[in-house]
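Undergrad: Fold the following and give me the result.
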Amino acid sequence: LGREFQVEGRWKGADTFHVERLLRVRDGKLYKVIYFCDVCNITAYQPGRCDCCQQPTEVREVPHDPQGIR
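TA: Predicted structure coming up:
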């Protein structure tokens, strides 16, 4: 897709990698990839419907704050 990502996680065996954080690299800065429900104001970290209202979530990229909550 022509996009650069930084993947953080840990190996769980010889051939399984557990992704703990996926960050998009854009213009030399890191962005968290989130899924957001405008109806309920809920953030999710995987695609799908909102856990509350079941409406589709929207993918967004928000600036990554390394000092903030993971």
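
Undergrad: List the beta-bridge partners for residue 34.
TA: Listed by DSSP bridges, the beta-bridge partners for residue 34 are residue 60.

Undergrad: Burial check on it, number of neighbours?
TA: Residues lying near residue 34 (other CB atoms under 10 Å) number 16. In short, each C-beta sits where N, CA and C put it, glycine included.

Undergrad: ditto for residue 37
TA: So residue 37, with other CB under 10 Å, has 19 neighbours.

Undergrad: ok, and the closest non-adjacent residue to it?
TA: Sequence neighbours aside, residue 50 is the residue nearest to residue 37 in space, at 3.8 Å (criterion: CB to CB, 6 or more residues apart in numbering).

Undergrad: Contact partners for residue 24?
TA: Listed by CB atoms under 8 Å, 6 or more residues apart in numbering, the contact partners of residue 24 are 3, 4, 5, 6, 30, 31, 32, 33, 61.

Undergrad: Repeat the analysis, applying 10 Å as the threshold.
TA: 3, 4, 5, 6, 30, 31, 32, 33, 61, 62, 64 (CB atoms under 10 Å, 6 or more residues apart in numbering).

Undergrad: now residue 44
TA: Applying CB under 10 Å, 6+ apart, we find residue 44 in contact with 34, 35, 36, 37, 50, 51, 57.
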